[in-house]
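Enquirer: Here is a sequence together with a model predicted from it:
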2 protein chains.
Amino acid sequence: MAPSSAASELVSGIAFDGEGLVPAIAQQHDTGEVLMMAWMNKDAVAETLQTGRVCYWSRSRRALWRKGETSGQVQRLIELRVDCDNDTLLLLVDQTGVACHTGRRSCFFTAFRNGARTVIADVEISPGELYGP
Amino acid sequence: MAPSSAASELVSGIAFDGEGLVPAIAQQHDTGEVLMMAWMNKDAVAETLQTGRVCYWSRSRRALWRKGETSGQVQRLIELRVDCDNDTLLLLVDQTGVACHTGRRSCFFTAFRNGARTVIADVEISPGELYGP
């Protein structure tokens, strides 16, 4: 998909790292919950701006990762913001269901409390239900 | 400062990258505002857990960066969380004043709206006031 010229201009202002990537934080737009952090390349940012559905870059699969493609747990983009150094993105999203592959709403479900790792969120949907048997 | 054994154990579970760093997102604990993203190494995480004041690793200065040391705009740690891959931290903090070196509350003050970069937050404290003449 060829990016629109407006999207191209916005993307060209982003300071991608040596591998062509930028960290992107996804935050639920209304509750403020931080859902996850993943990476984007130029194509992922451009596609996200054009389609309004969040697309990351999977570093392990080395491919565009259309969030929710398998699980149905998509993220609709409400607004994209960039930080003062232009090297980190904040995505305000509307998350369908859960963001985490473990079936929890947020990937940040482990807190360091009283010197120990503590799981602070329940599984809402089983991974089997999300990804099939 | 030698880290306590509890802090050491927590730190050892974190998946630092090839450069020994992990991204850390700072979020205001009560409002949910995402303030900034920076990097931590092992020493920065251990010191933050021990002192309760957030310390990052400055990639440009290649040194520990005790947030607010010059400006007074410190971050008190409320809780440290780690994501499902153990490779990103979420710091719930209480931010004194502003997080951004531009004098804005959050570093994410630029939004992509209607195809254009739009500044969406005012400067609250001038950089001159923060860092001196």
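Expert: Cool, got the structure. Numbering: from 1, shown residues only, chains lettered A, B, ... in the order given.
Enquirer: For chain B, tell me whether the top helix by length along chain A is touching it.
Expert: For chain A, the helix reaching the highest residue count under DSSP state H is reported as helix A:42-51. Yes - with CB under 8 Å from any CB of the partner chain as the threshold, helix A:42-51 lies in contact with chain B, specifically through A:Leu49. For the C-beta atoms, the positions are set from N, CA and C on the backbone; glycine is no exception.
Enquirer: Please spell out which residues along that helix are buried.
Expert: Buried positions in helix A:42-51, judged by neighbour count with 16 or more other CB atoms under 10 Å in any protein chain shown: A:42, A:44-50.
Enquirer: to the chain's geometric centre, what's the distance from that helix?
Expert: Here the centre of helix A:42-51 is set off from its chain's centre by 12 Å, with CA atoms, centre = their mean, to the nearest Å.
Enquirer: Check which helices and strands it is in contact with.
Expert: In terms of contact count using 3 or more CB pairs under 8 Å, 6 or more residues apart in numbering or on different chains; DSSP states H and E, helix A:42-51 is assigned the packing partners helix A:5-12, strand A:55-58, strand A:63-66, strand A:75-82.
Enquirer: Excluding chain neighbours, what is closest to the residue in chain A that chain B sits nearest to?
Expert: Ranked by CB to the nearest CB, the top residue of chain A for proximity to chain B is A:Gly32, at 2.5 Å. Sequence neighbours aside, B:Gly32 is the residue nearest to A:Gly32 in space, at 2.5 Å (criterion: CB to CB, 6 or more residues apart in numbering or on different chains).
Enquirer: What residues does chain A have near chain B?
Expert: Within chain A, the positions adjacent to chain B are A:4, A:6-7, A:9-10, A:13, A:23, A:25, A:27, A:31-34, A:36-37, A:49, A:79-85, A:88, A:90, A:100-102, A:104, A:107-113, A:115-117, A:120 by CB under 8 Å from any CB.
Enquirer: of the buried residues of helix A:42-51, closest to A:Tyr131?
Expert: Proximity to A:Tyr131 was ranked across those by CB to CB; first place goes to A:Ala44, at 21.4 Å.
Enquirer: Rebuild the buried residues of helix A:42-51 as JSON lines, extending it with pLDDT and distance to A:Thr96.
Expert: Shown next, in JSON lines, are the buried residues of helix A:42-51 (pLDDT from 0 to 100; distance: CB to CB, whole Å):
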{"residue": "A:Lys42", "pLDDT": "97", "distance to A:Thr96": "26"}
{"residue": "A:Ala44", "pLDDT": "98", "distance to A:Thr96": "19"}
{"residue": "A:Val45", "pLDDT": "97", "distance to A:Thr96": "21"}
{"residue": "A:Ala46", "pLDDT": "95", "distance to A:Thr96": "22"}
{"residue": "A:Glu47", "pLDDT": "96", "distance to A:Thr96": "18"}
{"residue": "A:Thr48", "pLDDT": "97", "distance to A:Thr96": "15"}
{"residue": "A:Leu49", "pLDDT": "95", "distance to A:Thr96": "19"}
{"residue": "A:Gln50", "pLDDT": "94", "distance to A:Thr96": "19"}
